[in-house]
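# Sequence and predicted structure are below.
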Amino acid sequence: METIIPLLEIIRRLRGENGCAWDRKQTPSTMWRCLAEELYELEDAIVKDDEVNIVEELGDVLFQILFIMEIYADAGRFSFDRVVNAVAEKMIRRHPHVYGDSRITSEDGLNKQWEAIKAGEKVGSGVSERRSALDNVPSGMPGLLRALKVSKSAVKAGFEWENLGQVLDTAVSEIHEFEAALSMDQDDAMLEFGDILFSLVNVARFAGFHPETALCRATSKFEQRFRIMETALEKQGLNLKQLSSEEKEKHWQAAKEMHDQKKA
């Protein structure tokens, strides 16, 4: 707590009478956009395993969260302590195998216990009863993350494939449907392409990794290899746009090999 207090004091001074005009006019909605940007920057640092930037971006995310909390506290809505105590109580309540008498040890059992406790928390909480298993999925989430959350919510309701092979078959089927739609209306092709992405999100879920993490790592890998190729071409006085397809492929393969050697 002692390390948090200086940050709160900075925020209060920035938002104070003699502080910063920009900070004073911010609202939870405007600061959420700042927080969202910082979260993506943190994700990038984590994917790259860049320790210096991870420390910096974690600090930025923490600062934005405290800033939003202070806005609410300043308006008399709720206090910092209320937020901290609420999440602490919730985490203790949802881990009876650590803080209570539960003896569940399997991951599947722990997941079921977690969901059962969450469902029990809604009873008598004043929260309106859900009409759909998907009502808890925020509509404003980024597409890939929302697809995963929708899928997980459907699974919790009992809608699931039996094995990874079935999910892969679905993905292959969607690719064939997309190929057929390419010769028709563009909107149809776009929807079929969306079906491919949605099915691949479920492939990742079934395989046990996060699709966003997989995409970020693949994008980062491509970026690193492309930069290597750019540097090599510049040293040779070559222009990528002037190369033939065969020459581009040769330089791309060389960049991939150099990249893999650096990682080894």
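Cool, the structure landed.
# domains of the chain?
What automatic domain parsing lists as the domains of the chain is 5-92, 94-122, 161-209, 216-263.
# Make a markdown table from the ones you listed and add distance to S139, mean neighbour count and mean pLDDT to it.
Heads up, the C-betas are built off the backbone N, CA and C, glycines and all. As requested, the domains of the chain are exported to a markdown table (distance: least, CB to CB, whole Å; neighbours: other CB atoms under 10 Å; pLDDT from 0 to 100):
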| stretch | distance to S139 | mean neighbour count | mean pLDDT |
| --- | --- | --- | --- |
| domain 5-92 | 15 | 14 | 93 |
| domain 94-122 | 20 | 12 | 87 |
| domain 161-209 | 16 | 15 | 94 |
| domain 216-263 | 23 | 13 | 93 |
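# Let's have those domains in TSV, adding distance to P142.
Putting those into TSV (distance: least, CB to CB, whole Å) gives the following:
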stretch	distance to P142
domain 5-92	9
domain 94-122	23
domain 161-209	12
domain 216-263	12
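# closest to M141 out of those domains?
domain 5-92 (10.4 Å; CB to CB).
# Quickly find the element holding A36.
helix 28-47 (DSSP states H and E).
# and of the domains of the chain, who's closest to S153?
domain 94-122 (10.6 Å).
# Now find how far off-centre that closest one is within its chain.
The chain centre lies 24 Å from the centre of domain 94-122; the measure is CA atoms, centre = their mean, to the nearest Å.
# same question, stretch 257-264
For stretch 257-264, the distance to the chain centre is 28 Å (CA atoms, centre = their mean).
# Could you do stretch 193-212 as well?
13 Å.
# helix or strand right after the helix holding A36?
Downstream of helix 28-47, the next assigned helix or strand under DSSP H and E is helix 51-74.
# helices or strands up against that next one?
Counting contacts by 3 or more CB pairs under 8 Å, 6 or more residues apart in numbering; DSSP states H and E, helix 51-74 packs against helix 5-14, helix 28-47, helix 80-93.
# how big is the angle separating that helix from helix 28-47?
160 degrees (axes from the mean of the first three to the mean of the last three CA atoms, to 10 degrees).
# which outside residues touch helix 51-74?
Contact with helix 51-74 is made by 4, 7-8, 11-12, 15, 23, 26-28, 31-32, 34-35, 38-39, 41-42, 44-46, 78-80, 83, as judged by CB atoms under 8 Å, 6 or more residues apart in numbering.
# Since that was my last question, I'll sign off now.
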